[in-house]
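Visitor: Build me a model from this:
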Amino acid sequence: NDDTYTVDEWEARLRAWMAEQEPVYISVDKPAVPTALVYNGRAQAPLAENKAYFLEGQTSATDAGTYRLTASPNEGYCWSDGTRDAVEVVWKIQRQKVDKPTCTAIFSYTGNLCKAANPAEPPAKPCERGTETPYTYTGTTSATASGTYEFTATLNDNYQWADGSVGPLSFSWTIEKAVE
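Guide: Model (predicted):
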């Protein structure tokens, strides 16, 4: 038996031997999603790309909501449980908390403008689009004439009240007639 091979024969034998071998993978943990993403008006990503796996789907978002992405091991990697299947990752951006506005319920008529909503205008918050308000008022928040008025504070989709509720707040207020 002559153990002398040409380079081409040696490479062919090596390729055949390598094809018979089980692949060796570097084991990595499946990606874990952070739990503390809260709406901040800017794009956020739950996971950073890395050399061990590839991310597809909704890999970043700006608005509050629930999103999905998949992570797949790159060539030469497997999950710590030995699998190489893509895994679905569900992640969430929580609504940002904002203080509830209040209302001054009763004014005495003076002829001057009475502003019932506190704050008089919803606060402006910075975001990628410039600024936004966490909620809007509809109805009558200020008046000069005596009477009963109503207004509602309604959140935009990226905010929740400080107590965790998300429903609109309705207020009723009065300017009492002047005493004659």
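Visitor: Spatially central residue for this structure, please.
Guide: Nearest to the mean C-alpha position of the chain, by CA atoms, centre = their mean, lies Ile93 at 2.3 Å.
Visitor: Who is it paired with across the strands?
Guide: Gly65 (DSSP bridges).
Visitor: Could you identify the helix or strand that succeeds the helix or strand of the chain with the lowest mean pLDDT?
Guide: Between all helices and strands in the chain, the lowest mean by mean pLDDT, DSSP states H and E belongs to strand 125-127, at a mean of 79. The first helix or strand that comes after strand 125-127 along the chain, using DSSP states H and E, is strand 130-132.
Visitor: Off-centre distance for that next one?
Guide: Averaging C-alpha positions (CA atoms, centre = their mean, to the nearest Å) puts strand 130-132 17 Å from its chain's average.
Visitor: Mind listing what's buried along that strand?
Guide: Using 16 or more other CB atoms under 10 Å as the test for burial, strand 130-132 gives Glu132. Just so you know, the C-beta spots here come from the backbone N, C-alpha and C atoms, and that holds for glycine as well.
Visitor: do stretch 167-180 as well
Guide: Under the neighbour-count criterion of 16+ other CB under 10 Å, stretch 167-180 has Leu169, Phe171, Trp173, Thr174, Ile175 buried.
Visitor: sorry, back to before: tell me the pLDDT of the residue nearest to the centre of the chain.
Guide: The model reports Ile93 with a pLDDT of 96.
Visitor: Quick one: residues contacting it.
Guide: By CB atoms under 8 Å, 6 or more residues apart in numbering, the residues touching Ile93 are Leu37, Val38, Tyr39, Gln44, Ala61, Thr62, Asp63, Ala64, Gly65, Tyr67.
Visitor: From those, list just the buried residues.
Guide: Listed as buried from those are Leu37, Tyr39, Gln44, Ala61, Thr62, Ala64, Tyr67; burial here means 16+ other CB under 10 Å.
Visitor: Please list the members of those that lie in strands.
Guide: Tyr67 (DSSP state E).
Visitor: Same list (the buried ones among the contacts of Ile93) but as CSV, adding pLDDT and distance to Pro31.
Guide: Putting the buried ones among the contacts of Ile93 into CSV (pLDDT from 0 to 100; distance: CB to CB, whole Å) gives the following:
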residue, pLDDT, distance to Pro31
Leu37, 95, 14
Tyr39, 95, 22
Gln44, 94, 15
Ala61, 96, 16
Thr62, 95, 21
Ala64, 96, 21
Tyr67, 95, 14
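Visitor: In a markdown table: the buried ones among the contacts of Ile93, plus distance to Pro119.
Guide: Formatted as a markdown table, these follow (distance: CB to CB, whole Å):
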| residue | distance to Pro119 |
| --- | --- |
| Leu37 | 27 |
| Tyr39 | 20 |
| Gln44 | 28 |
| Ala61 | 29 |
| Thr62 | 25 |
| Ala64 | 22 |
| Tyr67 | 32 |
